[in-house]
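> Sequence and computational prediction follow.
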Amino acid sequence: MGVGHASFLRLRQIIGMIRDSEKEKEWYKKDAEKYGLGKVRTPQKFYQTYGIHMNERKIEHHLCKFAGKRMHSLFISALRSDGMGLDYDKISYEFKDPDAPEQT
């Protein structure tokens, strides 16, 4: 494995953007906690909320149509009291592309 591929695998492991089939691959773990995302919410919860499907490597389109007043009205009650963003434990919303054809 080349250095570029190893670096990319390390980054994806640190931010939780890894396929289930890649979770067991060896990667350089030094300082991973230092450069990680913290423990306030899981990356998976973030991806689920905003329509990012890691295993399928797909994202829902048209998130911009949701961002703004609609997102604000749904998420305002989840603001953290310490001023540090959203408390994702209070959010059950999962973004789906409003323009996607319905599947039957």
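Sure thing, it's come through.
> Poorly predicted segments of this structure, please.
The chain contains residues with pLDDT under 70 at 1, 103-104.
> So which residues of it form helices?
Secondary structure of the chain by DSSP state H: the helices cover 3-14, 32-35, 43-49, 69-75.
> other SSEs contacting the last one?
So that's helix 69-75. For helix 69-75, not one helix or strand is in contact under the criterion 3 or more CB pairs under 8 Å, 6 or more residues apart in numbering; DSSP states H and E. (C-beta placed from N, C-alpha, C; glycine too.)
> buried set for that helix?
F75 (16 or more other CB atoms under 10 Å).
> how far does that helix sit from the chain's center?
18 Å (CA atoms, centre = their mean, to the nearest Å).
> Next, the residues that contact it from outside, please.
L86, I91, Y93 (CB atoms under 8 Å, 6 or more residues apart in numbering).
> do the second one as well
For helix 32-35, contacts defined as CB under 8 Å, 6+ apart pick out R10, Q13, I14.
> of all these, which comes closest to N55?
Set against N55, the nearest of the contacts of helix 32-35 by CB to CB is Q13 (15.2 Å).
> Might you report the residue contacts of the closest residue to the closest one other than its chain neighbours?
Leaving aside its sequence neighbours, Q13 sits nearest to W27 (CB to CB, 6 or more residues apart in numbering; 5.1 Å). Residues in contact with W27 (CB under 8 Å, 6+ apart) are A6, L9, R10, Q13.
> Would you list the buried entries among those?
Buried by 16+ other CB under 10 Å: L9, R10, Q13, out of the contacts of W27.
> sorry, back to before: just the contacts of helix 69-75 now: which is nearest L37?
Top of the list for closeness to L37, among those and by CB to CB, is L86 at 13.9 Å.
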